[in-house]
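S.K.: my questions concern the predicted model and sequence given below.
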Amino acid sequence: MSAAMNSPKTGQIAVPIDPARRPDVLLRRRMPEDHQVSAWWMIGAFVAVSAAVIGLMNFFPGG
């Protein structure tokens, strides 16, 4: 037996790319293809941002 027969095989291994596990995405969830976000999330986000802007404007005089 030669040493080449007993050595482990090395080389590149194909790693499947899973877009749900990309390192640049935080808290990503896999959704079905036809999933759509409820319009109430967008309405709530608009109300929250508007309230935050109005609340911050109250701290500055002369507005």
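M.R.: Everything's here; your move.
S.K.: please count neighbours and contacts with C-alpha atoms only from this point.
M.R.: Noted.
S.K.: buried ones in stretch 7-22, by neighbour count?
M.R.: Within stretch 7-22, no residue counts as buried by 16 or more other Cα atoms under 10 Å.
S.K.: and the helices in this structure?
M.R.: 3-6, 39-57 (DSSP state H).
S.K.: tell me which of these sits most buried.
M.R.: helix 39-57 (a mean of 11; mean count of other Cα atoms under 10 Å).
S.K.: chain center to that one: distance?
M.R.: From the chain centre to the centre of helix 39-57 is a distance of 22 Å (Cα atoms, centre = their mean, to the nearest Å).
S.K.: output the lowest mean pLDDT helix or strand found in the chain.
M.R.: When the helices and strands of the chain are scored by mean pLDDT, DSSP states H and E, helix 3-6 comes last with a mean of 63.
S.K.: quick revisit: could you dump the helices of the chain to a markdown table with distance to V15?
M.R.: Converted to a markdown table, the helices of the chain look like this (distance: least, Cα to Cα, whole Å):
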| stretch | distance to V15 |
| --- | --- |
| helix 3-6 | 25 |
| helix 39-57 | 36 |
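S.K.: which of the ones you listed sits closest to Q12?
M.R.: Nearest to Q12 among the helices of the chain is helix 3-6; the distance by Cα to Cα comes to 18.4 Å.
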